[in-house]
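> whatever this is, show me its structure:
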Amino acid sequence: MSKFLGSSVSFIIIAVNLILKSVIIKGITWVGEDTNSEQLSSITNGVFVAQFFNTGILLLLVNGNISEHEPKFITKYIKGTFYDYMPDWYSNVGFKIVNTMIINAIMPLIALVAAFTVPFLKRVLDRRFSGDVYKSKKTSFAQYKELYCGGDYLVHFKYAGILNIIYITMMYGVGMPILFLIATINFLNQYVCERIVVAYGMKQPPALDDKLTKNCIDMLKWAPLLWLFNGYWMLSNR
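Prediction:
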């Protein structure tokens, strides 16, 4: 029963992450930036922060109890089950975090299948199950081209996902070393799947400057500090 609940919570976390992603994109797009690269960087940071808070911080706060600490006007509302990283925390909260990371690790494979299956079904329905690719219900060449050219490759979402995986792994990896293995499998899956999707399933990505890459590197600078501080806390209470 506990495994079922843990899996359910993991799926809920991923679903909420997808909803937050859509909300953040609409908000940042509405505000706007001076250049496309700056806008993509803002979306990357916003989506990452939302995903990291929802996956790595919210579970900790909901299940933690710091009601006796200062400042009382904030901590009085955080009165969960666990006062520290005690053994039961790992079998309860830690299990949910690991479950979420495992599901994230297989998401690239699911995205790979969806990237080819969904367009294929749309094309088959468009030509009414005929093998003739020139038979189409589209009334303009632009619509026909849109159907057969593939979707846009959203590279900024990939950056946000990678940042989230790294931060979650660094935050809890000292107490749950299996997260490093799961993260490695995730990155290998992403590397293989994304190369296939970009080469055969998507439009050619637009030319961008190095702002997205530099932004990602700047965000990664804080991950080791998180590993040191939270790792020390976890080791001091095992």
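
> how far away is residue 60 from residue 176?
Remark: distance between residue 60 and residue 176 (C-beta to C-beta, to the nearest Å) = 13 Å. For the C-beta atoms, the positions are set from N, CA and C on the backbone; glycine is no exception.

> so residue 81 sits right up against residue 60, yeah?
No. At 11.7 Å, residue 81 does not count as touching residue 60 under the criterion of C-beta atoms under 8 Å.

> what is the neighbour count of residue 229?
Using other C-beta atoms under 10 Å, residue 229 has 11 neighbouring residues.

> now do the contacts for the closest residue to residue 93 other than its chain neighbours.
Beyond its immediate neighbours in the sequence, the residue positioned closest to residue 93 (C-beta to C-beta, 6 or more residues apart in numbering) is residue 63, lying 4.9 Å away. Residue 63 makes contacts with 80-82, 89, 92-93, as judged by C-beta atoms under 8 Å, 6 or more residues apart in numbering.

> tell me which element the residue nearest the centre of the chain is part of?
By C-alpha atoms, centre = their mean, the mean C-alpha position of the chain lies nearest to residue 161, the distance being 3.7 Å. Per DSSP states H and E, residue 161 falls inside helix 155-172.

> and the next helix or strand past the longest helix anywhere in the chain?
Counting by DSSP state H, the longest helix found in the chain is helix 95-126. Per DSSP H and E, the first helix or strand lying C-terminal to helix 95-126 is helix 141-148.

> who touches that next one?
119, 122-123, 126, 133, 136, 138.

> how many residues are close by residue 99?
19.

> and it, how far from residue 197?
For residue 99, the distance to residue 197 - C-beta to C-beta - is 25 Å.

> likewise for residue 153?
Using C-beta to C-beta, residue 153 is found at 7 Å from residue 197.

> residue 131 too?
25 Å.

> tell me which of those two has more neighbours.
residue 197 (19 against 7).

> using CSV, list the CA coordinates for the helix or strand harbouring the more buried one.
Following DSSP H and E, one finds residue 197 within helix 178-200. C-alpha atoms of helix 178-200 as CSV (Å, rounded to 0.1, in the frame of the first residue of the first chain):
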residue,chain,number,x,y,z
ILE,A,178,21.1,5.6,-5.3
LEU,A,179,20.1,9.0,-6.7
PHE,A,180,23.5,9.4,-8.3
LEU,A,181,22.9,6.1,-10.2
ILE,A,182,19.3,7.2,-11.2
ALA,A,183,20.6,10.6,-12.4
THR,A,184,23.3,8.9,-14.5
ILE,A,185,20.7,6.6,-16.1
ASN,A,186,18.5,9.6,-16.7
PHE,A,187,21.3,11.5,-18.5
LEU,A,188,22.2,8.5,-20.6
ASN,A,189,18.5,8.1,-21.6
GLN,A,190,18.2,11.8,-22.4
TYR,A,191,21.4,11.8,-24.5
VAL,A,192,20.3,8.9,-26.7
CYS,A,193,16.6,9.9,-27.0
GLU,A,194,17.2,13.6,-27.6
ARG,A,195,19.7,12.9,-30.4
ILE,A,196,17.2,10.6,-32.1
VAL,A,197,14.3,13.1,-31.6
VAL,A,198,16.3,16.1,-32.9
ALA,A,199,17.6,14.2,-35.9
TYR,A,200,14.4,12.5,-37.1
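
> cool, thanks, signing off.
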